[in-house]
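# Got a sequence here, can you model it:
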Amino acid sequence: NLIPRVISEYRLEPISVDELTFHNYFQGCAMAVHQSVAEEYLKINNPYLPHDWMLSLIAASKNELYFWNEPLFDYRIHADNTIGLPQSSRFEFFNRIKNMNTLYNRTIVIKQSKEVLETLEINYPELMTENRKQQLQFTKENLKLIEYKKIIPLIGQFSNPFYHQYKSKFGQIMDLIYCITH
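Below you'll find the model as predicted:
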């Protein structure tokens, strides 16, 4: 349920590069990777991205990334998970709000998207459409505005369509709260 569009169950659905510039939807443990994609991964200049995101990006750049919508394994959460969903507690809501008001949490999604776009720019310049160039410019500006707590220009970005693709209205308000309180 991470992909932000409806995909029928038991259907093979192509995934585009554009979808991967906003979020990594696929865990490496849930992938089947063609040898040519794996070989390209080993050759590529990838200073930023997790392996599963980069593998997805390579496959999508060749129009060879597909999602099969069927649960095929259980994801077990335990105390020693390196990455995973948080354990619930009665203080979870307050901890979540507190954690959202950090520079890391206010910028991580847009920072990762910037890294995807920069990786495309370096390794697949032919895929840097005008829209992706504008998206990259937006990510750079947004990161600076939040880091330097520029409230008025940040509010000016609220009308930018890219902002709505990254964050909800609540996320935008949290960006403002971060800038005001830090």
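# So Ile15 sits against Trp68, correct?
No. Applying Cβ atoms under 8 Å as the test, Ile15 and Trp68 come out as separate, 10.9 Å apart. C-betas here are computed from N, CA, C, even on glycine.
# Neighbour count: those two, which is higher?
Legend: neighbour count by other Cβ atoms under 10 Å for Ile15 and Trp68, higher for Ile15 (20 against 13).
# who are the neighbours in contact with the closest residue to that one other than its chain neighbours?
Excluding its sequence neighbours, the residue lying closest to Ile15 (Cβ to Cβ, 6 or more residues apart in numbering) is Leu65, at 4.5 Å. For Leu65, the contact set (Cβ atoms under 8 Å, 6 or more residues apart in numbering) comprises Pro14, Ile15, Ser16, Leu20, Ser56, Ala59.
# which residue packs closest to the fifth one, ignoring adjacent ones?
Nearest in space to Ser56, with sequence neighbours left out and distances taken as Cβ to Cβ, 6+ apart, is Phe26 at 5.2 Å.
# pLDDT value on the one you found, please?
We have a pLDDT of 89 for Phe26.
# you'd agree it is in a helix?
No. The assignment for Phe26, made by DSSP: H, G, I helix; E, B strand; the rest coil, is coil rather than a helix.
# circling back: so among the contacts of Leu65, which ones count as buried?
By neighbour count, with 16 or more other Cβ atoms under 10 Å, those hold Ile15, Leu20, Ser56, Ala59 as buried.
# so which of those comes closest to Lys150?
Using Cβ to Cβ, Leu20 comes nearest to Lys150 of the buried ones among the contacts of Leu65, at 28.8 Å.
# mind putting the buried ones among the contacts of Leu65 in CSV, secondary structure, distance to Glu121 and pLDDT included?
Listed next are these as CSV, based on DSSP: H, G, I helix; E, B strand; the rest coil; distance: Cβ to Cβ, whole Å; pLDDT from 0 to 100:
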residue, secondary structure, distance to Glu121, pLDDT
Ile15, coil, 20, 94
Leu20, helix, 14, 92
Ser56, helix, 17, 95
Ala59, helix, 18, 96
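# Out of the residues you listed, the closest to Glu147 would be?
Among the buried ones among the contacts of Leu65, Leu20 lies closest to Glu147 (Cβ to Cβ), at 24.6 Å.
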